[in-house]
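Student: turn this into a model:
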Amino acid sequence: MADDQHYDVIIIGTGAGGGTLAHRLAPTGRRILILERGDYLPRERDNWDSTAVFVKGTYRAPEFWCDKHGNEFPPEVNYYVGGNTKFYGAALFRLRPEDFGELRHHDGVSPAWPIRYEDLESYYTQAEQLYLVHGRHGEDPTEGPTSGQYPHPPVEHEPRIQQLSDDLEKRGLHPFHLPIGVNLTQDENGGATRSSACIRCDRVDGFPCLLGAKSDAQVICVDPALRHDNVTMVTGAHVRRLDTDPTGRTVTRAVAELGDGTTESFSADIVVVACGAVNSAVLLLRSANDRHPGGLANSSDVVGRHYMRHNNAALMAVSREPNPTRFQKTLALHDWYLGADDWDFPLGGIQMLGKSDADQIHGEAPRWAGAVSPDMPFEMLAHHAVDFWLCGEDLPLPENRVTLDKDDRIHLALDEKNNIAGLDRLRHKLQGMLGHLGMHEHHLLSHSIYLHKGMPIGATAHQAGTVRFGADPKSSALDVDCKAHDLDNLYVVDTSFFPSIGAVNPSLTAIANALRVGDRIAARLS
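Tutor: Sure thing, here's the model as predicted:
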């Protein structure tokens with residue numbers, strides 16, 4: 001294709017950051033071009049097939065990155081319209097107010113943000129409205145003040161999860177309804193009404209939604225943005241580099257490799273990068289030139305550094321009673337988010353995973369050999385499974401970084417033992433409660449099929465931090481509005497901007513920030 005049109009804004013990427021920004025800017029009437037590396041995800045039966053999605057990795061990008069030793073691994077990335085939100089579990093948490101300040105952990109300090117919780121609060125509320133979040137503010141004792149209730153009531157617990165919630169409360173804890181983005185209308189019993197887009201199935205977590213009922217960036221933001229005549233999208237456009245003018249202060253072109261193998265340049269007054277924390281850093285590093293020898297926006301040498309991905313554990317407990325739950329992702333627990341009576345440092349949070357099935361259990365079978373009762377077939381084990389997600393904070397170490405080698409291969413260096421003491425204690429907290437929660441006390445199994453088959457470095461779903469924002473150009477790549485310190489018209493709006501990651505899913509913060517930055521860009525355009 002030939003493109004000789006000049007745009008007001010180019011947005012590279014359509015995930016939680018880029019897709020939301022496009023939606024925010026679409027009503028301005030300005031000429032907006034969205035460049036997406038992938039295409040629309042095909043709607044097919046495999047969308048909801050556990051073997052295809054989890055075991056075979058049908059929808060993962062067919063590429064390999066290298067670890068710090070040069071060993072190749074397949075990253076957990078997907079290139080489709082909507083980005084990784086096509087596959088996320090739609091758990092849409094706010095960071096805690098304390099996450100915006102300096103927090104001391106066992107292995108180091110989580111740095112303060114250049115903005116406060118209060119600066120983002122109104123945008124959190126707007127993000128919850130936009131992404132149809134179901135929940136109930138006030139249940140979680142660790143959450144910050146809110147200016148508005150969730151737009152939709154919480155997704156009701158099914159009986160086994162309600163029993164789990166009751167049992168946790170009996171132990172003096174504070175379980176709450178997990179905030180989740182789904183297009184669900186519930187009847188008086190909590191079931192999906194006949195007119196509800198969401199049917200409360202067991203495919204919400206890790207699967208794309210065949211019904212378009214999960215609040216992903218394509219459904220909620222990109223498709224509505226494209227209804228505006230001033231918004232255009234090119235799919236299959238892998239942006240390889242950004243060119244600048246001779247002064248090095250202005251990005252002039254985005255150069256993309258198209259699906260047919262040709263190369264095309266696109267120009268705009270403002271360029272926004274939202275490719276995901278790893279690929280955004282890669283794009284900036286690959287765009288090095290005489291004025292920016294270390295890569296664009298990188299006079300501070302922080303681009304690619306401080307990579308974070310959370311310390312996560314996916315665990316399956318075995319219930320004494322059957323667990324026929326379908327929509328299991330309705331409960332969370334943050335009692336030890338900031339610390340515990342026997343530990344002065346943050347542990348993190350516990351939430352439910354999507355309900356595991358026999359195909360996922362079979363996928364784990366070789367690892368579990370001898371770990372469960374031989375008289376319990378895997379199908380029965382799946383019927384008794386209760387699935388948990390444990391999330392602890394990863395610290396932004398400068399040596400955890402993204403680099404490119406001379407052959408243009410992506411390298412990701414990662415200390416996989418970074419600040420894991422809190423997560424270990426969180427697991428022991430859960431393990432110690434199993435008997436009181438109606439579970440077999442010694443059956444807490446690693447459900448690593450959710451974590452890229454047990455490869456921590458490959459589990460990149462919560463990637464963040466590689467193009468951090470801050471007030472000081474010597475220690476950050478972006479200013480407080482997520483504009484590059486070194487360039488006049490370059491912004492980054494995915495999770496790259498995070499200086500720390502907290503211990504909750506990062507999507508809602510990326511969405512809220514994209515709305516905030518969108519307002520700054522709209523004001524600049526006007």
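Student: so which residues of the stretch 401-526 of the chain form helices?
Tutor: 421-433, 507-525 (DSSP state H, counting those that start in this stretch).
Student: as a markdown table, the ones you listed with mean pLDDT would be great.
Tutor: What follows is those, written out as a markdown table (pLDDT from 0 to 100):
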| stretch | mean pLDDT |
| --- | --- |
| helix 421-433 | 96 |
| helix 507-525 | 98 |
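Student: nearest to residue 445, of these?
Tutor: Among the helices of the stretch 401-526 of the chain, helix 421-433 comes nearest to residue 445, with 11.2 Å by C-beta to C-beta. For every residue, glycine as well, the C-beta is placed using N, CA and C.
Student: mind listing what's buried in that closest one?
Tutor: 421, 422, 423, 425, 426, 427, 429, 430, 433 (16 or more other C-beta atoms under 10 Å).
Student: what does that helix contact?
Tutor: 105-107, 168, 171, 311-313, 315, 317, 336, 340, 343, 345-348, 350, 388, 390, 392-393, 441, 444 (C-beta atoms under 8 Å, 6 or more residues apart in numbering).
Student: export that helix as PDB, just CAs?
Tutor: The C-alpha coordinates for helix 421-433 follow below in PDB (Å, rounded to 0.1, in the frame of the first residue of the first chain):
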ATOM      1  CA  ALA A 421      10.300 -14.500  49.800                       C
ATOM      2  CA  GLY A 422       7.000 -12.800  50.100                       C
ATOM      3  CA  LEU A 423       5.400 -15.000  47.500                       C
ATOM      4  CA  ASP A 424       6.800 -18.100  49.300                       C
ATOM      5  CA  ARG A 425       5.200 -16.900  52.600                       C
ATOM      6  CA  LEU A 426       1.900 -16.200  50.800                       C
ATOM      7  CA  ARG A 427       1.900 -19.800  49.500                       C
ATOM      8  CA  HIS A 428       2.500 -21.100  53.000                       C
ATOM      9  CA  LYS A 429      -0.400 -19.000  54.300                       C
ATOM     10  CA  LEU A 430      -2.700 -20.600  51.700                       C
ATOM     11  CA  GLN A 431      -1.300 -24.100  52.300                       C
ATOM     12  CA  GLY A 432      -1.800 -23.700  56.100                       C
ATOM     13  CA  MET A 433      -5.500 -22.900  55.600                       C
END
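Student: coming back round to it: out of the buried residues of helix 421-433, which one sits closest to residue 112?
Tutor: Sorting the buried residues of helix 421-433 by distance to residue 112 puts residue 422 at the head of the list, at 19.0 Å, by C-beta to C-beta.
Student: how close does the closest residue to residue 476 other than its chain neighbours sit to residue 349?
Tutor: Closest residue in space to residue 476, ignoring its immediate chain neighbours: residue 470 at 3.0 Å, by C-beta to C-beta, 6 or more residues apart in numbering. Per C-beta to C-beta, to the nearest Å, residue 470 is found 26 Å from residue 349.
Student: which one's more surrounded, these two?
Tutor: residue 349 (26 against 21; other C-beta atoms under 10 Å).
Student: that one contacts residue 393, doesn't it?
Tutor: No. In this structure, residue 349 is not within contact of residue 393 by C-beta atoms under 8 Å, at 9.8 Å.
Student: shared neighbours of the two, anything?
Tutor: The contact lists of residue 349 and residue 393 share residue 503, where a contact means C-beta under 8 Å, 6+ apart.
Student: the closest residue to residue 350 other than its chain neighbours and residue 172, how far apart?
Tutor: Distance criterion C-beta to C-beta, 6+ apart; nearest residue to residue 350, sequence neighbours excluded, is residue 333 at 4.4 Å. In this structure, residue 333 and residue 172 are 12 Å apart, going by C-beta to C-beta.
Student: in terms of neighbours, single out the busier of these two.
Tutor: For residue 333 versus residue 172, the count of surrounding residues by other C-beta under 10 Å is larger for residue 333: 25 against 7.
Student: next, give phi and psi for the more buried one.
Tutor: The phi and psi values for residue 333, taken as degrees, to the nearest 10, are phi -150, psi 120.
Student: so what's it up against?
Tutor: 168, 173, 174, 175, 176, 349, 350, 351.
Student: mind putting those residues in TSV, secondary structure, pLDDT and distance to residue 303 included?
Tutor: As requested, the contacts of residue 333 are exported to TSV (DSSP: H, G, I helix; E, B strand; the rest coil; pLDDT from 0 to 100; distance: C-beta to C-beta, whole Å):
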residue	secondary structure	pLDDT	distance to residue 303
168	helix	98	43
173	coil	98	42
174	coil	98	40
175	coil	98	40
176	strand	98	38
349	strand	98	30
350	strand	98	34
351	strand	97	32
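Student: ok, so of those, who is nearest residue 217?
Tutor: Among these, residue 351 lies closest to residue 217 (C-beta to C-beta), at 21.0 Å.
Student: count the neighbours of the closest one for me.
Tutor: 25.
Student: isn't it right up against residue 337?
Tutor: No. Taking C-beta under 8 Å as the definition, residue 351 is not a contact partner of residue 337, at 11.3 Å.
Student: what residues are up against residue 489?
Tutor: Contacts of residue 489 by C-beta under 8 Å, 6+ apart are 250, 251, 269, 270, 271, 483.
Student: pick out the most distant pair among those residues.
Tutor: Maximum distance among the contacts of residue 489 (C-beta to C-beta): 13.0 Å, for 269 and 483.
Student: the two - which one has more neighbours?
Tutor: Applying other C-beta under 10 Å to residue 269 and residue 483 shows that residue 483 carries more neighbours, namely 22 against 18.
Student: just the helices in the stretch 251-400 of the chain please.
Tutor: 277-286, 358-368, 378-384.
Student: turn these into JSON lines, including mean neighbour count, mean pLDDT and distance to residue 21.
Tutor: Compiled in JSON lines, these are given as follows (neighbours: other C-beta atoms under 10 Å; pLDDT from 0 to 100; distance: least, C-beta to C-beta, whole Å):
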{"stretch": "helix 277-286", "mean neighbour count": "26", "mean pLDDT": "98", "distance to residue 21": "13"}
{"stretch": "helix 358-368", "mean neighbour count": "17", "mean pLDDT": "74", "distance to residue 21": "35"}
{"stretch": "helix 378-384", "mean neighbour count": "17", "mean pLDDT": "87", "distance to residue 21": "40"}
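Student: out of those, flag the one nearest residue 124.
Tutor: helix 277-286 (20.5 Å).
Student: between helix 507-525 and the closest one, find me the angle.
Tutor: 40 degrees (axes from the mean of the first three to the mean of the last three C-alpha atoms, to 10 degrees).
Student: just checking, what packs against helix 277-286?
Tutor: If contacts are counted by 3 or more C-beta pairs under 8 Å, 6 or more residues apart in numbering; DSSP states H and E, helix 277-286 sits against strand 238-244, strand 263-273, strand 401-404, strand 410-413.
Student: dump the ones you listed to JSON lines, plus distance to residue 162 and mean pLDDT.
Tutor: Listed next are the helices and strands packed on helix 277-286 as JSON lines, based on distance: least, C-beta to C-beta, whole Å; pLDDT from 0 to 100:
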{"stretch": "strand 238-244", "distance to residue 162": "47", "mean pLDDT": "98"}
{"stretch": "strand 263-273", "distance to residue 162": "43", "mean pLDDT": "97"}
{"stretch": "strand 401-404", "distance to residue 162": "43", "mean pLDDT": "98"}
{"stretch": "strand 410-413", "distance to residue 162": "41", "mean pLDDT": "97"}
